[in-house]
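A.B. asks: Sequence first, predicted model second:
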Amino acid sequence: MPLSQISEVDKVSDQFEPKIVLFACNWCTYAAMDLAGTSRMKYPPNFRVIRLMCSGRVDPQFILEAFRDGADGVLVAGCHPGDCHYMEGNYKALRRMILLRRILESLGIEKERLRLEWISAGEAVKFVKAAHEMVGQIKALGPLQLSAQVKV
Amino acid sequence: MTEEPRVGVFVCHCGLNIAGTIDVKKVVEYAKTVPNVADAKEYVFMCSAPGQDLIKEDVKKFHLNRVVVASCSPSMHEPTFRACIAETGLNRYVLEMANIREQCSWVYLDKQKATEAAKDLIRMAVAKARLLEPLEELRVSLEPTSLVLGGGVAGLKACLDLAERGYRLHLIEKLPTLGGNAARLGKLAHVDIRGTEVAGSLISAVVSNPNVTVHVNSELIGLEGSVGAFRAKIRTTPRFVDEKCTLCGECFHVCPIEVPDEYEFGLSKRKAIYLPFKEAYPRIPVIDPEICTQCRECVKVCEPGAIVLDQEGQVVEVVAGAITIATGFQPYEPPEGEYGYKRSEKVLTLFQLERLLDKNGPTGGELKLGESTPRSIAFIMCVGSLVTTKNAHTYCSRMCCASSLKNMLTIKERYPDTEIYAIYKDIRTYGRGDEELYEKTTESLVKFIRFETPPDVKPHSDRVDIEVYDATLQENYLFQVDAVVLSVGMSPSADLDKVRAVVKTGCSPEGFLREAHLKLRPVEAPTDGVFLAGSVTSPKNIIESVMAGGASAAKAAALFAKKEVRIDPITAEVTEEICSGCAICIAMCPYGAISRKEKGEKKVAQVDKALCKACGACVAACPSGAMQQAGFKDIQVMAQVAALSDKRGG
């Protein structure tokens, strides 16, 4: 997307700016985001990054806590299948996310608010694309409305 | 650290890289209001000498005990700022960085929103920093001794290169002789040397080196510890024959038990007491306890009294700083009936052909099947490779093309009237001189037939019928030959699972061992201090195996040269009081770093920090929160998450 267009997108979406917590694997996605930065690529200003050593470290309670603390979306991003720095942490993350999505739905949280991406250290473009997509998707869903019961 | 956290926040302008987008003044004013922040400062280049001095002065002046630097990516300057705070006497690990350049000012266009994002990132970093604890790097001293598993060419080369550098070695070979698969090969391609001689020259160099202890007939049955100090248990099966043996050969004659000789790939028979092959090392016969009936006939004829039937096996324990796995491959074994295999003596494998053509083989180098010399031979290539059959591997074994071509030429040289067909799926002569070998074969009038559908092979008592559709000429051929050679590829060694059960390390979908990095760390296992050499990782020819052996020795020597290993302290750790010993974490760990120990009435998990690579998978899986990762504890990450919104309504 050319720069002029992106700034237009950013300008018109003034009303609702979602907060998206991003759990990034130190070895792949965190490095891809650094690369996006050094390449001066642009994406919407909605991400709050938490660096972990592996997507396999992402405890489902981190994600539930994020939704409770004001996140409108959560992105978990790790190495491609077969490429995990720790051999198989990303598979562990995948299994946990599949189960967690079911719990989220039972809590009234749309499953689209939790996204899992495989982004290697070189795939800055893939990250930027995923970032645009996810922000668009969360904006379409609107702010997360948690019932008072869940919030406590 | 029980004292109240006093966090210092240092926001970098990075010239205009950060300050051009983010309103640094506003961010610093905001940071001052965040709970537990005792001091917040800005500077144009925080990583510069005056910037670092500012941090050092403020740590003293404001009695800071945690530091947050909001600047570039930690991959850029985390080591810089860790060293900086260490100079003030603070622990290196009470630093948290907020990446407001790569992941904020450089990627966000809207200045106001970028400033808000920076505030959030700093608030989250402070929340985590409040809970950071001092950590100490673990240092493990290295025992400069290495274990090498496998006495084939790769293992021998690994052993020799380390021994010549002055390190001590234990070479462990499960068979009663060194040499591996290469020692069973006849004349090699491109050189006038036999495989046995190549292996033999390595063997004599290794066994004459005083740094090497050779354990043949032995297996690694236990392994504990980690890089620097593995504790290994080696079990040696008795040989029942000692050094007094003069190799007179009387015992072989009187032994009544006969079985197919595995060293000749079943082409001849051996006795229960036997010498594996003429050039075996050690050159002492061995009794096969599986088939020996203890009839004592051999004892009666042994003049020097070298046979000791009540000899006992032994288990020795050694400490080694590193391990090299070089347990090699085994030839692909076609299922009975595949291309007529095992249904007729006229169908043999490439490895059997090697033995037949070798001067020390069962026929003394004569190409004889039973009584007759075949006048026409068809080589069927890619057997067990390239998905040619249901049981075949997906991969190409790389060595079988050149090896088949070499043998075709040998036959043409010795028996010029032999008609030879090469029925192939693909010819891959990638190695040095191999393409020339291929050209020479075509000049020697070997007939090449390319197949897409594997040929139909029907052995009869006097001939073998072959039907094949030539995919190039698009014609069907039906012809007869006197013998068929199956150019089989390489399979992972059948004992590899046993090795993996002891040295915990991952394998590829094909069943070979997996490297730490396919391209950048090809002779290292993912576990520190474990190296891989030869065809244990993928099919390799002798040249490549010897190179991998040498490379693994270089890696082990580089490790030993360090004298000690330093371990990043962000490893997993157990709170034993909470741990219920459920062992879920053990299954999660890809490095086998977690085990269980007795603690009073219960069992609890324990982490070998030298094995832990700090992925945190066990922590995420622990149902009780007993397992935690230093620097990424649940409470630390949860605090970071909880600080996503400013709870004071900001």
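C.D. replies: Right, received. Where do you want to start?
A.B. asks: Near residue B:27, how many other residues are there?
C.D. replies: By the measure other C-beta atoms under 10 Å in any protein chain shown, the count of residues near residue B:27 is 25. Placement of C-beta: from N, CA and C, glycine included.
A.B. asks: Look up which helix or strand it falls in, please.
C.D. replies: In this structure, residue B:27 sits in helix B:24-33 according to DSSP states H and E.
A.B. asks: so what strands line up beside the next helix or strand after that helix?
C.D. replies: Next helix or strand after helix B:24-33 toward the C-terminus (DSSP H and E): strand B:37-43. Counting by DSSP bridges, the strands paired with strand B:37-43 are strand B:7-12 (parallel).
A.B. asks: now the following helix or strand past the partner strand: how far from the chain's centre is it?
C.D. replies: Going down the chain from strand B:7-12, the next helix or strand is helix B:16-19, by DSSP H and E. Centroid separation between helix B:16-19 and its chain, computed with C-alpha atoms, centre = their mean, to the nearest Å, is 46 Å.
A.B. asks: Next: stretch B:18-37.
C.D. replies: 49 Å.
A.B. asks: in it, what counts as buried?
C.D. replies: For stretch B:18-37, burial by neighbour count (16 or more other C-beta atoms under 10 Å in any protein chain shown) applies to B:18, B:19, B:21, B:22, B:23, B:24, B:27, B:28, B:30, B:31, B:34, B:37.
A.B. asks: want to throw the residues you listed into a markdown table with pLDDT?
C.D. replies: Converted to a markdown table, those look like this (pLDDT from 0 to 100):
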| residue | pLDDT |
| --- | --- |
| B:18 | 97 |
| B:19 | 97 |
| B:21 | 97 |
| B:22 | 97 |
| B:23 | 97 |
| B:24 | 97 |
| B:27 | 97 |
| B:28 | 98 |
| B:30 | 97 |
| B:31 | 97 |
| B:34 | 96 |
| B:37 | 97 |
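A.B. asks: and which of those is nearest residue B:476?
C.D. replies: residue B:21 (73.0 Å; C-beta to C-beta).
A.B. asks: Next, count neighbours for the residue nearest to residue B:180 when sequence neighbours are not counted.
C.D. replies: Excluding the flanking residues, the one nearest residue B:180 by C-beta to C-beta, 6 or more residues apart in numbering or on different chains is residue B:152, at 2.2 Å. Residue B:152 sits with 29 neighbouring residues when counted by other C-beta under 10 Å.
A.B. asks: Just the pLDDT at the closest residue in space to residue A:108 that isn't next to it in sequence, thanks.
C.D. replies: In this structure, residue A:108 finds its nearest non-sequential neighbour in residue A:147, 6.3 Å apart by C-beta to C-beta, 6+ apart. At residue A:147, the model reports a pLDDT of 74.
A.B. asks: now the buried residues of stretch B:18-37 in CSV, with distance to residue B:439?
C.D. replies: As requested, the buried residues of stretch B:18-37 are exported to CSV (distance: C-beta to C-beta, whole Å):
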residue, distance to residue B:439
B:18, 64
B:19, 68
B:21, 65
B:22, 67
B:23, 73
B:24, 71
B:27, 72
B:28, 75
B:30, 76
B:31, 74
B:34, 76
B:37, 76
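A.B. asks: which pair in the residues you listed spans the largest distance?
C.D. replies: Maximum pairwise distance among the buried residues of stretch B:18-37 (C-beta to C-beta): 22.7 Å, between B:21 and B:37.
A.B. asks: Spell out the secondary structure type for residue B:191.
C.D. replies: When classified by DSSP: H, G, I helix; E, B strand; the rest coil, residue B:191 comes out as coil.
A.B. asks: need the contact list for the residue nearest the centre of chain A.
C.D. replies: Nearest to the mean C-alpha position of chain A, by C-alpha atoms, centre = their mean, lies residue A:75 at 1.7 Å. With contact set as C-beta atoms under 8 Å, 6 or more residues apart in numbering or on different chains, residue A:75 has these partners: A:20, A:21, A:22, A:23, A:47, A:115, A:116, A:117, A:130, A:134.
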